[in-house]
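**Student:** Next input, structure requested:
(one chain, ligands or ions: 1)
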Amino acid sequence: MMVGPLSHLRFPMKPIQLFDPASSTYTYVLFDQLSRDALLIDPVDEQIDRDLATLREYGLKLVWTVETHAHADHITSAGRLAELAGAKTAAPLGCGIGTAGVQLQDGDTLKFGGEVLKALHTPGHTAGSMSFLWRNHVFTGDTLLINGCGRTDFQSGSAEALYRSLTQVLFALPDDTIVWPGHDYQGRSCSSIGREKTTNVRVAGKTEAEFVALMNSLNLPRPRRIDEAVPANLTSGLRHDADGALQMQPLPPSGAHQGTYAGDVSPELAWRWIQSGEAVMVDVRTDAEREWVGFVPGAVPVAWKQWPGMALNPAFDQQVREAAGGKKLVLLCRSGVRSVAAAKRATELGLEAYNILEGFEGDPDADAHRGRKGGWRFRELPWRQN
Ligand SMILES: [Fe+2]
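**Tutor:** Residues are numbered from 1 along each chain as shown. Here you go, the predicted structure:
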């Protein structure tokens, strides 16, 4: 369903609602009528041409893409929209979408022109799920659907949490707030908080215990694309290798390095392992580099070589053993050279050590500038400067 370019004259301040038939997903375009700055909620990979055409048709400049959660049924185009349209990416902090430039917390706002979108943490479908409030519209993702709600039986879902999000967060909004769901499988486009509060078959008039019992008895089939979609969505839908397959598996070291350490991992895979607690990041750059260039929060600094003279760090063996604490190691340096040497040494010490491809700053480009061609920072993974 699409509203024509001049329709705002008749229907002021309404989102543009776009539909992906393959996954029954709604994508929303919100924009400021004066500045033409726009924000996209839950864009779908296969529909990127449609979305770019919509932006052109309305004369909009995309400033934000926002996810309601890490979807299991489709892949987001957020990463590609960031590259093609220059948008910034935002996602709920609790969803593990490490590539999103802004990690949203409850109550955070995103501005587009003179308009403001407010994040409401509404866990339940997934632990990180959010709804977004704009004027008298609420975009509920898979938290609240029309006469339904999202499932709670996978991806850190919780029926108890969903009951509280529905009854205490969403139903606390004014009754005339318009509800725009993340999906509809029956061609319905929107609803209202008042209507859902009184007629939603899953939750209206139910106690928490009744709701939880109902949700736990649904026995829904596993989403067809979950194994492909969730990992891709944790990197904003970006795939980095040449043939477009996800580089979310470690690669064995090649050539002369064969068998000398556990493998090479993409920055995104390293970040996923760190977030899930599987791996510890060790930053093998010098103290000066971390200080001047920036560092990854939570990484353990164990220099491979140190100034002055870039002499080998005599305490490396002991420090890297302590850092690992029984976990896998992912080693980060400037561009991936010292981290290979350090990974080899850690392997000799009996540790499971991986090299992070591209390093913190990536490879130099044609002008010998770093930071524009790959690397942890370029890929917008979390980092800080002192
Ligand atoms: Fe979902």
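
**Student:** Contact partners for residue 38?
**Tutor:** Going by C-beta atoms under 8 Å, 6 or more residues apart in numbering, residue 38 touches 29-32, 55, 58, 60-64, 112. Yep, even glycine has a C-beta here, placed from its N, CA and C like the rest.

**Student:** Tell me which two of these sit farthest apart.
**Tutor:** 58 and 64 (15.5 Å; C-beta to C-beta).

**Student:** These two: which is more packed in?
**Tutor:** residue 64 (23 against 17; other C-beta atoms under 10 Å).

**Student:** can you pull the contacts of the more buried one?
**Tutor:** 38-40, 87-90, 110, 112, 117.

**Student:** Beyond the helix-or-strand element of the chain with minimal mean pLDDT, next helix or strand please.
**Tutor:** Lowest on mean pLDDT, DSSP states H and E among the helices and strands of the chain sits helix 226-233, with a mean of 80. The element immediately downstream of helix 226-233 (helix or strand, assigned by DSSP states H and E) is strand 263-265.

**Student:** What's the end-to-end length of stretch 104-112?
**Tutor:** Distance between the two ends of stretch 104-112: 15 Å, counting by C-alpha to C-alpha, to the nearest Å.

**Student:** So which bits of that stretch are buried?
**Tutor:** 104, 108, 110, 112 (16 or more other C-beta atoms under 10 Å).

**Student:** Check stretch 193-212 too.
**Tutor:** Result for stretch 193-212 [16+ other C-beta under 10 Å]: buried residues 193, 195-197, 200, 202-203, 206, 211-212.

**Student:** And the average pLDDT for it is what?
**Tutor:** In this model, stretch 193-212 has a mean pLDDT of 97.

**Student:** what comes into contact with it?
**Tutor:** Contacts for stretch 193-212 (C-beta under 8 Å, 6+ apart): 138, 144, 146-149, 159-160, 162-164, 166-167, 170-171, 173-177, 179, 214-215.

**Student:** quick one, what contacts the spatially most central residue of the chain?
**Tutor:** By C-alpha atoms, centre = their mean, the chain has its centre lying nearest to residue 97, at 2.3 Å. Contact analysis of residue 97 by C-beta under 8 Å, 6+ apart lists 67, 70, 91, 233-236.

**Student:** tell me which residues form a beta bridge with the nearest residue to it once chain neighbours are set aside?
**Tutor:** Of all residues not flanking residue 97 in the chain, residue 91 sits nearest, at 3.9 Å (C-beta to C-beta, 6 or more residues apart in numbering). Beta-bridge pairing for residue 91 (DSSP bridges): residue 103.

**Student:** just checking, residue 91 touches residue 66?
**Tutor:** Yes. Judged on C-beta atoms under 8 Å, residue 91 makes contact with residue 66 at a distance of 7.1 Å.

**Student:** Among the contacts of stretch 193-212, which ones are in strands?
**Tutor:** 138, 144, 148-149, 179 (DSSP state E).
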